[in-house]
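Asks: Build me a model from this:
(one chain, ligands or ions: 1)
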Amino acid sequence: MAEKVPARALTRPIMVGSVKIGGGAPVVVQSMTSVPMIDAGEGPVLDVEGNLAQIERLAAVGCEVVRVAIPNRASIARFGEVVAASSLPVIADVHFDHEIAIGAAECGAAALRINPGNIGSMQRVDAVIDAAGHAGIPIRIGVNAGSLDNAIAERTDLNQPQKLALSASQFVEHFQQRGFEDICISAKSHDVMTTVAAYRQLSRELPQVPLHIGVTEAGTTQQGTIKSAAGLGMLLAEGIGDTLRVSLTADPTEEIPVAFGILSAVDVRRLSPELISCPTCSRCQVNLIDIATEVSSRLNQVKKPLKVAVMGCVVNGPGEAADADCGVACGKDCAVLFAHGKQLRKISAAHIADELFALIDEM
Ligand code: SF4
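Replies: So this is what the prediction gives:
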């Protein structure tokens, strides 16, 4: 029996539209659109149709909250159009210009994401806080290793995780002194262990504040998946993190199955099936790679948290197949089918996938 993942500390919940983050809610999976701006006649602006299309594709693969960058003031009203037509709550991602954040709050953003360190001054940050308060929406305070405030970045007595955590903590203190508690924080780095250390510190020092976790700028699909799994897996297994984004240099829809895969792997949130399949060895007498690949591909369509075992021989096969919801232990061109821990019958290797999915359909 695997060691139970510790319960996440109960953070103070925030609502992003209808989605609850923190306060013991399931860890929320989010992403961000990546549609280039279009030229609508007076310079580049947000592409409303393109963003809505990408949001619907993200929703279709299970994304629960989406972030949209507002690149300039000319795009604020267009952002409002995206919010109005989106099936997912939309967070406004704003850098540098506090007027954009205020405009986003006024036109229906479900939340704001700002880095207070690049908004220009704390007076401008306060104007954003007031706009969010008036709109009744939360703010994510997002600090990033690439854009730390100079006064903190230049300190030689702190390491990088401590700088990230200090920067976030100082902003949280400012928001709270202004009476605004509807916040969550992120402190991301491209470096896995820096990210992990920063979030561990934040979780210790600010246990009541929901954490948006992620390894930022993690790279293209393979490297980004590995870095995200390592970093987020460690944090989630320690009970840290209320919402997450996997950042891939890829179509954002690729981020969602990776995010849910990480949550499943550390037993924090399981919505989809898990395939248990062995690496094969000389004892295997079927084409297990092809069989497992077909089962894996067909499992992508299944929305049940089942464990399905596809095992190459009798060494570990019967045990794993019996331990799963259903599975097979293969022999020479054949397999023994298992369901709910019981051996059912011997089947031909050619029918393994179909036999498994007949069982899965009934589960
Ligand atoms: Fe080899 Fe059998 Fe183990 Fe698969 S289950 S790796 S075939 S010993």
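Asks: Strands of the stretch 51-200 of the chain, start to end?
Replies: Using DSSP state E, counting those that start in this stretch, the strands of the stretch 51-200 of the chain run over 65-69, 90-94, 111-114, 139-144, 183-188.
Asks: just the stretch 251-363 of the chain next, same as before
Replies: Secondary structure of the stretch 251-363 of the chain (DSSP E, counting those that start in this stretch): strands at 274-277, 307-311, 326-330, 334-339, 342-348.
Asks: Quick check: which of those is buried the most?
Replies: strand 326-330 (a mean of 28; mean count of other CB atoms under 10 Å). Quick note: C-beta positions are derived from backbone N, CA and C, even for glycine.
Asks: is the ligand contacted by that one?
Replies: No: on the criterion CB under 6 Å from any ligand atom, strand 326-330 is out of touch with the ligand, staying 7.6 Å away.
Asks: Let me know which of the strands of the stretch 51-200 of the chain is the nearest to the ligand.
Replies: Closest approach to the ligand among the strands of the stretch 51-200 of the chain is made by strand 183-188 (38.1 Å; CB to the nearest ligand atom).
Asks: What lies in contact with the closest one?
Replies: With CB atoms under 8 Å, 6 or more residues apart in numbering as the contact definition, strand 183-188 has outside contacts at 14, 21-22, 138-145, 164-165, 167-168, 171-172, 175, 195, 198-199, 202, 206, 209-216, 242-243.
Asks: nearest to residue 127, of the strands of the stretch 51-200 of the chain?
Replies: Nearest of these to residue 127, taken as CB to CB: strand 111-114 at 11.2 Å.
Asks: Which neighbouring elements make contact with the closest one?
Replies: Here strand 111-114 touches strand 90-94, helix 98-106, helix 122-135, strand 139-144, going by 3 or more CB pairs under 8 Å, 6 or more residues apart in numbering; DSSP states H and E.
Asks: Check these for me and report the most buried one.
Replies: Across those, the average number of neighbours (mean count of other CB under 10 Å) peaks for strand 90-94, which reaches a mean of 27.
Asks: Now for the residue nearest to residue 313 when sequence neighbours are not counted: which residues touch it?
Replies: Once flanking residues are discounted, residue 313 sits nearest to residue 283: 4.3 Å by CB to CB, 6 or more residues apart in numbering. Neighbouring residues of residue 283 by CB under 8 Å, 6+ apart: 312-313, 315.
Asks: So for residue 283, what's the pLDDT?
Replies: For residue 283, the pLDDT comes out at 95.
Asks: now do residue 2
Replies: 50.
Asks: try residue 139
Replies: Looking at residue 139, its pLDDT reads 98.
Asks: OK, contacts around it?
Replies: For residue 139, the contact set (CB under 8 Å, 6+ apart) comprises 111-114, 128-129, 132, 175, 180, 182-183.
Asks: which residues touch residue 272?
Replies: By CB under 8 Å, 6+ apart, the contact set of residue 272 is 257, 260, 264, 299, 302-305.
Asks: Of all the residues in stretch 153-168, which ones are buried?
Replies: For stretch 153-168, burial by neighbour count (16 or more other CB atoms under 10 Å) applies to 160-168.
Asks: I meant stretch 198-209, not that one.
Replies: Buried residues in stretch 198-209, counted by 16+ other CB under 10 Å: 198-203, 206, 209.
Asks: Sounds good, over and out.
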